[in-house]
Each structure stands twice: as structure tokens, then as C-alpha cells.
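Chemist: would you be able to build a 3D model of this:
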Amino acid sequence: MDLNYTADDVAFRHAAREWLAVNVPAETRPADVQGGADFDRAWQRRLYDGGWAGVNWPKEYGGLGLSGVRTLIWWEECERASAPGYERSTIALTHAGPTLITRGSEAQKAHHLPLILKGDVLWCQGFSEPGAGSDLAALKTRGIIEGDYLVVNGQKTWTSGAATARYQELLVRTEPGSERHKGLTWIICDMATPGIEVRPIQTMMGESDINATFYDNVRIPLSNVVGEVGQGWSVAMSTLDFERGNTFLRDQISMSGKVERAIDLARRSFLADGKPAIEDREIARKLAELKADALGLRAMAVVNVSNIDRNGSPGPEGSMVKLLVSQTNKQLNDVVAEIVGQQFLEYDGTKASNERMFDYMWGWVLTIAGGATEIQKEIIADRVLQLPRSR
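Modeler: Below you'll find the model as predicted:
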């Protein structure tokens, strides 16, 4: 990858900056589940109408087909303009869509990809179960083939956005008696299908957009299977590679800004002894290390998008990104709590009351979402470093 910006790259940056300056919503994303989902779909539609949807999707599927450098430029400008993130559109844009592009049938691509890019529909993920979260291969939700349908029974958990999603990327066990990675199937589930019940789970942040989802004889057409029946583990690994390789890209880019804001906060905040927090040697040391970590994350982002340019899809290195993003974010929140002191604890259950406390609690979620820290370390050891498995 050539890291020197060409004249065309500079022109692209100016075009992105000008469009974002005019189109970033002035209003705050609503806190309620339905309002937030409507906001996310409207933002995606605005991106589509403005010609900025699917920046790293291939052109033949409606995206812009941007190179890695252009994708980084786009996210840098989004961060600079405080543009909305994908939020509830994340699963559709960074999981399901790329999975369909690489593993779906032409009919599936033709139907679903335009709906995703236009913001017409949201997706959710049906992978984790009460007994199969970090250990995904232990899932038990079953699907039995009856004619042209797969009849699904079981339960999924942590299905974020399920109450407002139209479709779900669903992983079920379709081979009776199979164990672990064998006998699984990845299928597109229409959430309006009879027999599906979504029950909200309220989090410690006061939100209720995470759910438990139950399936009672849910009949899904076999034409919705992505890949082949029984080969779902391979498709799911593609999905998770996209999740860890794409979803955290903006987080990598935004980390430097977050650290700079924490440094500015340390200059404006005073400790119990009356001195500015930035003059505390330990706080200053932590902030300096975090600044270095943020620069390292950006360098990893460059490597990541370069690899995607060469190989066409993310690899297991995305687990390194996911691990370091969640760890750095949590360490940053710890330092901010140390700087702010007692007022950091004032929280009434809403993000508006104390955004820093909300971010602190969300930092714990990030160490689990998309694969727990321990699982990321296992993937790095196994698939990146190719170390021998422990017995």
C-alpha cells in the first residue's frame, strides 16, 4: 500500500468533508429502541441518496469499491465531522452484507443487498445461545428439514436489535447427533416469520435493545440457506472475520481523538490537591501510553485494509484489532474516571445524564461483544501465530 496521498485522494477527502458538513444530522440519536433504529435507517438512506453507501463494498453490488486508503480517509472525515456510526445498521452492513457478497447465491444478493444499502431493512445476529456464547460450536438450536423448509426450534441470546430487525443471520444445528463445528447451517431468517418471540434484556446502562429470541417451529425456506446445509461453520467464520475486520475500523480511527479529548480533560480538571490532573505523573504516563496505543491502532488499521485490498476479505488478524480496540478503550475509560473523580459516579440510568459513565460501562460490553477477550487470544494463538493447541 502506498501511504502517500495522491491528488485524487486529496480531492476525495475534500468531497467527503464537504458532503458530511452539510448532511450530518444536527439532532441527537434517540435513546429509545424504535427511535434509534429509525434514526439509523434514515442516516443510511441519506448516505445512499448522497452516493456514500457501502464505501468498501464492491461496485458490482452497489458499493463504492473504495481502496483501503480511501476507506480510511472516509472514516477519518466521519470522525472529524462527528457523523453517526452504523449503530443498528452494523450487522447488515459489516456482517450480513459482506457474507452474502462472498458466500450467498445470486438471488440472495439481488434481493438483500439493495435493501441493506438503501437502509430499508435492519439485520440482527442469531449466533450466541445461553450455553454457547464464547463457545459458539456448542450451540443447540436445531433445524429439521421438512420438504422445502427448515423448521427451527430453540433459543438465541444477546440478539442486539432483534426487536427492530427485519432479517437475522441465524446459525442452527441441522444434522442430528452432530457435535461442535459439524452439521451447522447459516440461514437468512425473516424476523416476521410466525413462531419467533423477542424478549428485551435490560442492560446495566439502562438500555433494552439486547434481547433473548425464541423459535417455536419457525419455518424458513431452504432457499434462504447461505452456502450449503451442514457447512454453516465455514460461512459463520467468514461472518466473524468480517465482524472483527470491518466493524472496529472506525473505532481504530476514532481512538486518537478520544485520547486527545482525555488529555484536554486532564488539563481542565483538578485533583483533590488542587493541581491539574495532567500534572499528576501517573495520569500523564497513562495518557502518554494511550496516545502511543492509539497511533498503533491506526497503523494496524492501515495494515488491515491493505490486507483486505490484496486478499478480498479480512483474515484472522481482525481478532488482534478487536482485542486491542476493546482493551485500549477500557484503559482509556479507567483513566477518565480517575481524572473526573466523584462526579463520574453520578448516573441515573441514561446516557444523557453521564456520557462518561455510559462509555465506561459500554467498555466492558466491548470486551465480550464480537467474541470475548479470551476467545480472541485463542484465535490469535491458533490462526495467526499457529501455535500448538493446549491439551
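Chemist: secondary structure element for the closest residue to residue 224 other than its chain neighbours, which one?
Modeler: Closest residue to residue 224 apart from its sequence neighbours, by Cβ to Cβ, 6 or more residues apart in numbering: residue 188 at 4.1 Å. No exception for glycine: its C-beta is placed from N, CA and C like everyone else's. Secondary-structure element containing residue 188, defined by DSSP states H and E: strand 184-190.
Chemist: how about the CA coordinates for that strand, as CSV?
Modeler: The C-alpha coordinates for strand 184-190 follow below in CSV (Å, rounded to 0.1, in the frame of the first residue of the first chain):
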residue,chain,number,x,y,z
LEU,A,184,-24.4,-26.4,11.3
THR,A,185,-26.2,-24.3,8.8
TRP,A,186,-26.2,-20.5,8.2
ILE,A,187,-29.6,-19.3,7.1
ILE,A,188,-31.4,-16.0,6.5
CYS,A,189,-34.3,-15.7,8.9
ASP,A,190,-37.2,-13.3,8.3
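Chemist: in that strand, which residues are buried?
Modeler: Neighbour-count burial for strand 184-190 flags 184, 185, 186, 187, 188, 189 (criterion: 16 or more other Cβ atoms under 10 Å).
Chemist: and for it, what are the contacting residues?
Modeler: Residues lying outside strand 184-190 but in contact with it, judged by Cβ atoms under 8 Å, 6 or more residues apart in numbering, are 99, 103, 108, 112, 126, 139, 143, 150, 152, 166-175, 178, 196, 218, 220, 224-227, 229-233, 235-236, 239.
Chemist: elements contacting the strand of greatest length in the chain?
Modeler: Residue-count comparison of every strand in the chain, with assignments taken from DSSP state E, identifies strand 210-221 as the longest. In terms of contact count using 3 or more Cβ pairs under 8 Å, 6 or more residues apart in numbering; DSSP states H and E, strand 210-221 is assigned the packing partners strand 149-157, strand 184-190, strand 196-201.
Chemist: stretch 266-280: end-to-end distance?
Modeler: By Cα to Cα, to the nearest Å, the extent of stretch 266-280 from end to end equals 9 Å.
Chemist: from the chain's centroid, how far away is that stretch?
Modeler: Stretch 266-280 sits 35 Å away from the centroid of its parent chain (Cα atoms, centre = their mean, to the nearest Å).
Chemist: repeat that for stretch 21-28.
Modeler: With Cα atoms, centre = their mean, you get 22 Å for stretch 21-28.
Chemist: what do you get for stretch 205-213?
Modeler: Once both centres are worked out by Cα atoms, centre = their mean, stretch 205-213 turns out to sit 16 Å from its chain's centre.
Chemist: for the longest strand of the chain, what is the average pLDDT?
Modeler: When pLDDT is averaged over strand 210-221, the result is 95.
Chemist: in it, what's buried?
Modeler: Buried positions in strand 210-221, judged by neighbour count with 16+ other Cβ under 10 Å: 210, 211, 212, 213, 214, 215, 218, 220.
Chemist: how many other residues sit next to the closest residue to residue 300 other than its chain neighbours?
Modeler: Nearest residue to residue 300, sequence neighbours excluded (Cβ to Cβ, 6+ apart): residue 321, at 5.8 Å. The local packing count at residue 321 equals 24, with neighbours defined by other Cβ atoms under 10 Å.
Chemist: right, and residue 321 touches residue 299 too?
Modeler: No: using Cβ atoms under 8 Å as the test, residue 321 is too far from residue 299 to be in contact (11.1 Å).
Chemist: show me the residues around the closest residue in space to residue 204 that isn't next to it in sequence that make contact.
Modeler: In space, not counting the residues next to it along the chain, residue 204 is nearest to residue 361; the distance is 5.5 Å by Cβ to Cβ, 6+ apart. For residue 361, the residues meeting the contact criterion (Cβ under 8 Å, 6+ apart) are 203, 204, 205.
Chemist: so residue 361: helix, strand or coil?
Modeler: When the structure is split into helix, strand and coil by DSSP: H, G, I helix; E, B strand; the rest coil, residue 361 lands in helix.
Chemist: any weak-confidence spans in the stretch 1-150 of the chain?
Modeler: When residues are selected by pLDDT under 70, those of the stretch 1-150 of the chain lie in 1-3, 132-134.
Chemist: if we can go back for a sec, can you tell me which of the buried residues of strand 184-190 is nearest residue 386?
Modeler: When those are compared for distance to residue 386 (Cβ to Cβ), residue 184 wins out at 24.2 Å.
Chemist: just give the nearest non-adjacent residue to the closest one, would you?
Modeler: By the measure of Cβ to Cβ, 6+ apart, the closest residue to residue 184 outside its immediate chain neighbours is residue 232, 3.6 Å from it.
Chemist: surely the one you found is in contact with residue 170?
Modeler: No: with contacts counted by Cβ under 8 Å, residue 232 stays clear of residue 170, the gap being 9.3 Å.
Chemist: now the buried residues of strand 210-221 in CSV, with distance to residue 327?
Modeler: As requested, those are arranged in CSV below (distance: Cβ to Cβ, whole Å):
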residue, distance to residue 327
210, 22
211, 27
212, 28
213, 30
214, 34
215, 35
218, 38
220, 38
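Chemist: care to break this structure down by domain?
Modeler: Using automatic domain parsing, the domain ranges for the chain come out as 7-118, 123-230, 248-384.
Chemist: tell me the pLDDT of residue 354.
Modeler: Model confidence at residue 354 (pLDDT) stands at 69.
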